[in-house]
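Peer 1: dropping the sequence and predicted coords here.
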Amino acid sequence: MSSAAPGHYLVSVSTVIKTDGLTKRFPRVTALDQLTVEVQPGVVGLVGANGAGKSTLIKILLGLAPATSGTGQVLGLDIATEGSAIRERVGYMPEHDCLPPDVSATEFVVHMARMAGLPAAAARERTADTLRHVGLYEERYRPMGGYSTGMKQRVKLAQALVHDPQLVLLDEPTNGLDPVGRDDMLALIRRVHSDFGISVLVTTHLLGELERTCDHLVVIDGGRLLRSSSTASFTEATQVLAVEVTDHPDDASYDAGAAVRERLAAAGLTVGADGPRVLLVGIENDDTYDTIRDTVAGLGLGLVRLEQRRHRVAEIFTDESPAPAAGPADAPEGGTADVAAS
Ligand SMILES: Nc1ncnc2c1ncn2[C@@H]1O[C@H](COP(=O)(O)OP(=O)(O)OP(=O)(O)O)[C@@H](O)[C@H]1O
């Protein structure tokens, strides 16, 4: 690897990753099937169920495995012929635990920095900075065998960042973390881009995470591209209102949801139920809001929530849409719907 100091490769690129007809066939399965996609700088989510081809794509982009056919560039470099130049400029956080248990985080990350070509003093300095940045302090001198999953994920992220790459490829960085650990890791990933200008390609099969973290989503299924567009366009507002009403103040047995539903339907609105006291109401025009408010008040009930529903990324896998007649609830707002489970 090169002995260049970090930061020497900061050429400006408008396209971080580009593939054209990328295909990877194993004897029994086609892991990537004619994948053509372009990724711009930012935090980009690579979404797909288990087996969709995410890890295979990352390995091919790093030049660690050859494609069967098709072409690709990372930071303008050819994945077929310039793999080592790509790996100098790109950090990689693998999915599985790959940390030696009897070595400390500091020793390990210094080693990885040296492997990436940093001189000894720079490697130690960058390691200290990077471990601090990912939130590892005194514990960085202890053997990693005693670390929690969250600490191990942080070390894996640190080793991907230590040589000051332009792009990091993070394979399931929230695997094995509890909800608080996941939120911490996602905040850290956003800061990798916002504080250091490093582009991020992050894979997960938990969709709620990506909706909150990424600027852009690339969705693959069975190795094929389903959609590549801004996160905002995946989650744009629908023409459906979610209406949650209170129970009746004096009568616990009163079916508030059914009563409101009946009145709104009689007023000509399209209404579905999304829970005992939650209705989905189609927006007909500006008066719809007033009709709902007046109807609820007229029944002696209160409004807990009245909000426009947004599309969810999960819909792309399920054909599910938040229409008034949708019936059962879809994944919870901001939740962690799992592609694999849909
Ligand atoms: N070395 C290999 N030999 C044969 N088949 C493979 C190999 N690597 C991956 N596959 C197959 O290719 C398909 C895509 O696998 P890949 O690991 O890229 O998916 P993924 O989206 O990363 O899923 P996961 O999140 O489970 O890792 C799967 O059907 C997998 O079994």
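Peer 2: Received it, and whenever you're ready, just let me know what you need. Numbering: from 1, shown residues only.

Peer 1: only C-alpha atoms for contact and neighbour calcs from this point on.
Peer 2: Fine.

Peer 1: ok, and the closest non-adjacent residue to Val245?
Peer 2: Nearest non-adjacent residue to Val245, counting by C-alpha to C-alpha, 6 or more residues apart in numbering: Leu303, 4.6 Å away.

Peer 1: correct me if wrong: that neighbour contacts Val243.
Peer 2: Yes. Here Leu303 reaches Val243: they are 7.4 Å apart, a contact under C-alpha atoms under 8 Å.

Peer 1: neighbour count for the two, which is higher?
Peer 2: It is Val243, of Leu303 and Val243, that has more neighbours when counted by other C-alpha atoms under 10 Å, with 25 against 14.

Peer 1: helices along the stretch 201-342 of the chain, start to end?
Peer 2: Using DSSP state H, counting those that start in this stretch, the helices of the stretch 201-342 of the chain run over residues 207-213, 231-234, 256-266, 287-298, 315-318.

Peer 1: for the third one, buried residues please.
Peer 2: Spelled out, that is helix 256-266. Ala256, Gly257, Val260, Arg261, Arg263, Leu264 (16 or more other C-alpha atoms under 10 Å).

Peer 1: which of the residues you listed are close to the ligand?
Peer 2: Contacts with the ligand within these, counted by C-alpha under 6 Å from any ligand atom: none were found.

Peer 1: for Gly135, state which of those residues is nearest.
Peer 2: Among the buried residues of helix 256-266, Gly257 lies closest to Gly135 (C-alpha to C-alpha), at 47.2 Å.

Peer 1: quick one, grab the pLDDT at that closest one.
Peer 2: Gly257 is assigned 93 on the pLDDT scale.

Peer 1: with the ligand as the reference, measure out to the closest residue in space to it that isn't next to it in sequence.
Peer 2: Once flanking residues are discounted, Gly257 sits nearest to Arg277: 4.4 Å by C-alpha to C-alpha, 6+ apart. Going from Arg277 to the ligand by C-alpha to the nearest ligand atom, to the nearest Å gives 37 Å.

Peer 1: quick one on the thing from earlier: Ala116: which of the buried residues of helix 256-266 is nearest?
Peer 2: Gly257 (61.6 Å).
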